[in-house]
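Q: Sequence plus the predicted model coming up.
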Amino acid sequence: MSLIDNSEQAKRLARAIISDIAIYNREKVERGIKEDSIFELLAEEIEEGRQHFQTRVVPEIAAGTIYDIALVDVLIKRAGKIESPIW
């Protein structure tokens with residue numbers, strides 16, 4: 001399998017990985033938003049996702065902020081409807 005060398009494809013991959021994390025860890029996401037501890041609660045899953053992303057994308061792109069931006073877009077922005085003191 002060849003590595004992704006297109007930033008748009010890398011963005012889609014990052015969002016898909018993080019969407020899977022969110023889907024399979026709904027309770028952790030909700031609790032993490034409510035308690036402002038989402039990154040601590042999902043640290044293992046986020047790191048696994050990051051490692052998977054890095055194995056699929058060329059190093060020049062993987063080293064950037066695509067994965068981190070997708071984390072915020074998918075985990076945080078989509079959780080905006082959850083009651084939390086952080087909003």
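A: Cool, the structure landed.
Q: When you work out contacts or count neighbours from here on, use the C-alpha atoms and nothing else.
A: Noted.
Q: Output the longest helix belonging to this protein.
A: Ranked by residue count and defined by DSSP state H, the top helix of the chain is helix 7-24.
Q: list the helices and strands that one packs on?
A: Packing partners of helix 7-24 (3 or more CA pairs under 8 Å, 6 or more residues apart in numbering; DSSP states H and E): helix 43-56, helix 66-71.
Q: I'd like the next helix or strand past the first one.
A: So the one you mean is helix 43-56. Under the assignment DSSP states H and E, the closest C-terminal helix or strand after helix 43-56 is helix 59-62.
Q: mind checking how far the longest helix of the chain is from the chain centre?
A: Relative to its chain's centre, helix 7-24 lies at 7 Å (CA atoms, centre = their mean, to the nearest Å).
Q: For Asp36, which of the helices and strands packed on helix 7-24 is the nearest?
A: For Asp36, the closest of these is helix 43-56, at 13.3 Å, according to CA to CA.
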